[in-house]
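**Student:** Predicted model and sequence below, questions to follow.
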Amino acid sequence: MGSINYLDLKIREAKRKKKKLFCVFLTCGFPDLAATERLVLFAEKAGVDILELGFPFSDPLADGPTIQYSSEQALKHSLSIADAFALVRRVRRKGSKMAIVFFGYLNPVYAYGEKEFARDARDAGIDGLIIPDMPPEEEPVFRKECQKEKLRVIYLVAPTTTDQRAKGLVHKSQGFVYYVSLRGVTGTRAVIPEDLRAHLRKLKRMTSKPVLVGFGVSTPEQARAIAGMSDGVIVGSAVIERLKRGIAPAERFIESMAQAVHGS
């Protein structure tokens, strides 16, 4: 199932059409697996280019209170990585061509088995990975397995990252570069950081890969403004906040954010 890498396709298409990329984060299994599946299929129809499928973990280092809450709720269902892979397999069978990136931490990967994880993730139809506790110098065996399976490994660059370190991260990041727009953990924010444009300019000088901005993007106005200075926008906590109220509010919000990023 994993022969086509939809992340590569989406990035090439965005470049060709001079289009911004819109990525949505969903916690797998929150509020339950059926809701996640419905939202994944809806997101694609609404114009989402990349899905960041978060695998719930009990000790997340990059996640703020909102995503932590969704993880805690999802973990109550005894969710496994096999369940997450089965979900991706189901949406692919239903015709999904959206890029799907797995967001998670190393512990569950170790528990599953590094070689088996890379193989099964790709076979399910996952295109890439974001693992915040895996710096590029570590886990060479796992990264080699990912490379063999054509599973793209994406790295995060923060405002506090030194220029030298940033150069190494953007060089090794595959598909796109994930720029963390604020200091601290995920969560909605009222204002866009003043230094965002300057940081993005510097990063764009380092790489031709698309730079997507995440962490703290909360409103269509912010999404539109950030899309104007980057290659795309990632929205997570603000979607989960709506999802706490129900699926319909989350769907309406995803649609409004997709329109804002794509300029319609």
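**Tutor:** Yes, it's here. Numbers count the residues shown, from 1 in each chain.
**Student:** for the helix or strand bottoming out on mean pLDDT in the chain, the distance to its chain's centre please.
**Tutor:** Lowest on mean pLDDT, DSSP states H and E among the helices and strands of the chain sits helix 65-75, with a mean of 82. In terms of Cα atoms, centre = their mean, to the nearest Å, the gap separating the centre of helix 65-75 from the centre of its chain is 16 Å.
**Student:** Buried residues, that helix. List them.
**Tutor:** Neighbour-count burial for helix 65-75 flags 66-71, 73-74 (criterion: 16 or more other Cβ atoms under 10 Å). To be clear about C-beta, it is placed using only N, CA and C from the backbone, and glycine gets the same treatment.
**Student:** And stretch 209-224, by the same measure?
**Tutor:** Taking 16+ other Cβ under 10 Å as the neighbour-count basis, stretch 209-224 is seen to contain the buried residues 209-220, 222-224.
**Student:** Point out the ones among those residues that are inside helices.
**Tutor:** Mapping the buried residues of stretch 209-224 onto helices (DSSP state H) picks out 220, 222-224.
**Student:** Out of these, which comes closest to I50?
**Tutor:** Comparing these against I50 with Cβ to Cβ places A223 closest, at 14.1 Å.
**Student:** List the residues that contact the closest one.
**Tutor:** In this structure, A223 makes contact with 22, 217, 233, 235, 257, 260-261, judged by Cβ atoms under 8 Å, 6 or more residues apart in numbering.
**Student:** Just send those back as CSV, with secondary structure too.
**Tutor:** Rendered in CSV, the data for the contacts of A223 read as follows (DSSP: H, G, I helix; E, B strand; the rest coil):
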residue, secondary structure
F22, strand
V217, coil
V233, strand
V235, strand
M257, helix
A260, helix
V261, helix
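**Student:** Distance of the residue nearest in space to the middle of the chain relative to C28?
**Tutor:** Against the mean C-alpha coordinate of the chain, by Cα atoms, centre = their mean, the closest residue is E52 at 3.2 Å. E52 sits 10 Å away from C28, going by Cβ to Cβ, to the nearest Å.
**Student:** Could you do P159 as well?
**Tutor:** P159 sits at a distance of 28 Å from C28 (criterion: Cβ to Cβ).
**Student:** Which of the two has more residues huddled nearby?
**Tutor:** Higher neighbour count among P159 and C28: C28, with 26 against 16, using other Cβ atoms under 10 Å.
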